[in-house]
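Student: Sequence plus predicted model, see below.
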2 protein chains.
Amino acid sequence: MDQPEVIDPPENEAALYAQRLGLVRAALEAQDEAGLKALLEPLHPADIADILEQIGRGERARFFGLLGDDLDADVLSELDESVREEIVATLPSAQVAEAVAELETDDVVDFIENLEDEEQAEAILDALEDADRVAVERALSYPEYSAGRLMQREVVMAPEHWTVGEAIDYLRASDDLPEQFYHLILVDPKLRPTAYVTLGKMLAHPRSVALSAITEESFRTFDVTQDEGDVAYAFNQYHLISAPVVDEDERLVGVITIDDAMNVLDEEHEEDILRLAGVDAEGSLADKVAATVRRRFPWLFVNLVTSVLASLVIAQFEDVIAQIVALAVLMPIVASMGGNAGTQALTVAVRALATKDLTGANVWRVIRREVLVGLVNGLAFAVIMGIVGVIWFGSPMLGAVIGVAMVVNLLVAGLAGVGVPVLLEKAGIDPALASGAFVTTVTDVVGFFAFLGLAAMWLL
Amino acid sequence: MDQPEVIDPPENEAALYAQRLGLVRAALEAQDEAGLKALLEPLHPADIADILEQIGRGERARFFGLLGDDLDADVLSELDESVREEIVATLPSAQVAEAVAELETDDVVDFIENLEDEEQAEAILDALEDADRVAVERALSYPEYSAGRLMQREVVMAPEHWTVGEAIDYLRASDDLPEQFYHLILVDPKLRPTAYVTLGKMLAHPRSVALSAITEESFRTFDVTQDEGDVAYAFNQYHLISAPVVDEDERLVGVITIDDAMNVLDEEHEEDILRLAGVDAEGSLADKVAATVRRRFPWLFVNLVTSVLASLVIAQFEDVIAQIVALAVLMPIVASMGGNAGTQALTVAVRALATKDLTGANVWRVIRREVLVGLVNGLAFAVIMGIVGVIWFGSPMLGAVIGVAMVVNLLVAGLAGVGVPVLLEKAGIDPALASGAFVTTVTDVVGFFAFLGLAAMWLL
């Protein structure tokens, strides 16, 4: 069998990943513990987690059967939640607790808050050192998705009046500095952060320079209860690298760094994409069928109700359809075009709301634009479909009906595409989650009604 | 009129933004140059850019009429492309060039590569200092969306054999260190990067410690021609903060930092969301109607073609519909349910492909799962719709027809939802862009065909 050493540098990364995965599976199949360990040894925990997510349930069980004693908590913390749950459920609580206790406190918080099994959470808390347990419990006392949950509690701070030299001496004497930090935070005597200095500036200035003379303009603090989404937005908007977190007395309680913010942004994007498609987030490819059905069914049910609504509109025109069956052939086109135009407009609007680009100041301008876009596209497609109607069914009036219905529906699609998300946002409902159902209901109902209604008036 | 000083700290940020925007508009209206400057003075360039994006075209012209001489290049570089283009087109080339010349070189590159006006790009290049112009031209020589375009050329490096003390002395003596840097990169005599040291570690260790003794495990380099998407993926996967970029001879040519990677990730997400909704990316809320129509029309046209295809299927069953008009009432439900289930599956698949979670190793397992999910959901909705069919139309056979058609279509939706994006990816086509059209064509055609075909067999 090939050994990992013979792998050439990745000309094609996908091929390399596939090759590596094949070797791991072969080692699992052969129960080759030494071979498996040799394969995993050079890998980053995130890559090992990816492998675990891609192999099957049975292979995962065998994996931990072979490596159980060497459980790496970093791998656990990189795993998708559903796979993590599955693995953690099969391992003894004590073993999981022992592994997790080695993580940094913010990773422990992330681990525990996603754990469904209360007892296992308790076991992990008990296995932590006293100071760490207090820190984790403190973090868990802040609201979910708050800055307090996101921050790390290890902060590097100094009095405002220190010099570069004093700060360097202090750092050299410290023996528990965080793995990663980018600023020295200056605090007043009440531990309230007032400014920060980049490590680069500290290194570039002589020992005698006062820290207060080389602080950064970008300094801003976050409140411990602030929503993590707002924090991530601010990191992105103001190009922050790290920022202090303060409690209600303005005292320094932690630090959020850009990698945490990047994670939040990533998750929020993912959630938006999935919600726009009617999939409740937090799923993973490794989920079981039952879990996936539970996540998809509600939205499909909503869609069923809305399409029955549209069918009720069609039912009002059964007589018309019975006389002109061509209407049944053409009516899905009008509804489908409206639905697509509406989805375009609403997706742009939902994203613009998320990035705070769509506000009260420009909402009317944006609505006007979307309606105009609907009008122009509607006219273009009215002409095309009018011609299709004439050629296909030899009826200019039928062409006119579908053309006018198209213009009406695309206009309405533009209006609803912006209006619905904006109204939902105002009502405190996530527009990514609910806009699609509303907008397509509107375009289906309007599309069928306009098309069949005009047909009843002009063609009978 | 209110003055900005009286604004309370943001209890509600949205209200604060709205208030600020109102004040800016009032100042523009009143041609109050001093008032406008006072309002803008405390703002971050990104916030000023947001204001410019939200006011109207006429207001923007007035804005630069009032502030033209104080053009801030940082504001320009924060603007959406379309608004930037609009503003740059109205200003004298020399004035723009002068402002842009003050940006950091990677921002100049970003500015120039997005400029449609070649002459203006030349004017900006000419206005740069010689060293900067060479750097910018060099960067522009790398492929678009490559690491070479993304990186900053200002690097902080040191010979491998230096001590902490030597490095600090060197940094103190340097007078052109980059604004932000997080690592000191160690290079061999041929300027090939071999490791890096965090600034935190440098500050925490005594002067006598060798840099080579305190290097980081996370060290990895990127090739200058590597795709920026792969770079961003690696930053996210391996929790990188900064990474050296090397040329074909492995020599250090630049550094990519996490904020650049975060931007790329952000843009790719945005692009995916919009493409999934059939909107070609790179648009902005401030785009003109014509530009928006151009961006939306092609996808709507594709949708028209696919829905005409579906209509051709319906046309095969005109006789059946003429005899049982209820079919026309119910058929959009089957198609719509299939379309929605397909969209759910394809969105999950497109995202999983983007995050490299869906690979050759698990594609069959994922397809099997999606098909099973389609089957289970299909059976559930078959029962519901069967009952609806009986109650509404009093026909058990009609209920059976819609039920079976529903199962078939949801099954196919699951299959196509994964299969289409995977095949498109294999063919080198962006699955986010094209999957939707293919999948809904499949579910429309299958939905109408199954429903009307079964009706023809069982009901006539």
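Tutor: Nice, I can see it. Since this is a predicted model, take the numbers as computed values, not measurements. Numbers count the residues shown, from 1 in each chain, chains lettered A, B, ... in the order given.
Student: Which secondary structure element is home to A:Val245?
Tutor: Here A:Val245 is covered by strand A:242-246, with elements defined by DSSP states H and E.
Student: What of A:Thr194?
Tutor: Per DSSP H and E: strand A:193-198 holds A:Thr194.
Student: Which other helices and strands does that strand contact?
Tutor: Contact analysis of strand A:193-198 by 3 or more C-beta pairs under 8 Å, 6 or more residues apart in numbering or on different chains; DSSP states H and E lists strand A:183-187, strand A:242-246 as its packing neighbours. From N, CA and C alone the C-beta is placed, and that goes for glycine too.
Student: cutoff 6 Å now
Tutor: Packed against strand A:193-198, as judged by 3 or more C-beta pairs under 6 Å, 6 or more residues apart in numbering or on different chains; DSSP states H and E, are the following elements: strand A:183-187.
Student: Residues contacting the strand it packs on, please?
Tutor: In this structure, residues lying in contact with strand A:183-187 by C-beta atoms under 6 Å, 6 or more residues apart in numbering or on different chains are A:156-158, A:160, A:167, A:193-198, A:211, A:242, A:244, A:252.
Student: partner strands of that strand, parallel or antiparallel?
Tutor: The sheet places strand A:183-187 alongside strand A:157-159 (parallel), strand A:193-198 (antiparallel), with pairing taken from DSSP bridges.
Student: Contacts (any at all) between chain B and the very next helix or strand once past the shortest one?
Tutor: Elements were assigned by DSSP H and E; along the chain past strand A:157-159, the next helix or strand is helix A:164-173. Yes - under the criterion of C-beta under 6 Å from any C-beta of the partner chain, chain B is reached by helix A:164-173 at A:Ile168, A:Leu171, A:Arg172.
Student: Filter these down to the buried ones.
Tutor: Burial by neighbour count, 16 or more other C-beta atoms under 10 Å in any protein chain shown: within these this picks out A:Ile168, A:Leu171, A:Arg172.
Student: what's the closest of the residues you listed to chain B?
Tutor: Nearest to chain B among those is A:Leu171, at 4.6 Å by C-beta to the nearest C-beta.
Student: which residues sit in contact with that closest one?
Tutor: Under the criterion of C-beta under 6 Å, 6+ apart, the neighbours of A:Leu171 are B:Leu203, B:Ala204.
Student: Can you give me the pLDDT of it?
Tutor: At A:Leu171 the predicted local distance difference test score is 96.
Student: Likewise for A:Ala277?
Tutor: According to the model, A:Ala277 scores 85 on pLDDT.
Student: Over to A:Leu103?
Tutor: On the pLDDT scale, A:Leu103 is placed at 81.
Student: That one and A:Asp74 touch, don't they?
Tutor: No - counting by C-beta atoms under 6 Å, A:Leu103 does not reach A:Asp74; the two are 7.2 Å apart.
Student: Neighbour count: these two, which is higher?
Tutor: A:Leu103 (20 against 16; other C-beta atoms under 10 Å in any protein chain shown).
Student: How about the contacts made by the closest residue to chain B within the stretch 51-200 of chain A?
Tutor: When distances are taken as C-beta to the nearest C-beta, the stretch 51-200 of chain A reaches nearest to chain B at A:Leu199, 3.7 Å away. Applying C-beta under 6 Å, 6+ apart, one finds that A:Leu199 lies in contact with B:Leu199.
Student: Please apply the same query to A:Asp260.
Tutor: With contact set as C-beta under 6 Å, 6+ apart, A:Asp260 has these partners: A:Leu150.
Student: and the gap between it and chain B?
Tutor: Between A:Asp260 and chain B the distance, using C-beta to the nearest C-beta, to the nearest Å, works out to 10 Å.
Student: Same question for A:Ala15.
Tutor: A:Ala15 sits at a distance of 10 Å from chain B (criterion: C-beta to the nearest C-beta).
Student: Of the strands paired with strand A:183-187, give the one that comes closest to B:Ala310.
Tutor: Across those, B:Ala310 has its closest neighbour in strand A:193-198 (59.5 Å, C-beta to C-beta).
Student: Run the chain-centre distance for the closest one.
Tutor: Chain-centre distance of strand A:193-198: 31 Å, with C-alpha atoms, centre = their mean, to the nearest Å.
Student: Could you do stretch A:236-249 as well?
Tutor: Stretch A:236-249 has its average C-alpha position 21 Å from the chain's average C-alpha position, going by C-alpha atoms, centre = their mean.
Student: Can you tell me which of the strands paired with strand A:183-187 is most buried?
Tutor: With neighbours defined by mean count of other C-beta atoms under 10 Å in any protein chain shown, none of the strands paired with strand A:183-187 is more surrounded on average than strand A:193-198, at a mean of 22.
Student: ok and it relative to strand A:242-246, angle-wise?
Tutor: Direction vectors for strand A:193-198 and strand A:242-246, defined by axes from the mean of the first three to the mean of the last three C-alpha atoms, to 10 degrees, enclose an angle of 160 degrees.
Student: neighbouring contacts of strand A:193-198?
Tutor: Residues external to strand A:193-198 that are found in contact with it (C-beta under 6 Å, 6+ apart): A:160, A:183-188, A:211, A:214-216, A:219, A:221, A:244, A:252.
Student: ChimeraX command for the buried members of the residues you listed?
Tutor: Only the buried members of the contacts of strand A:193-198 end up in this ChimeraX selection, burial being decided by 16+ other C-beta under 10 Å:
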select /A:183,184,185,186,187,211,214,215,219,221,244,252
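Student: between the contacts of strand A:193-198, which is closest to B:Ile55?
Tutor: So of the contacts of strand A:193-198, ranked by how close each gets to B:Ile55 (C-beta to C-beta), first place is A:Phe219, at 28.6 Å.
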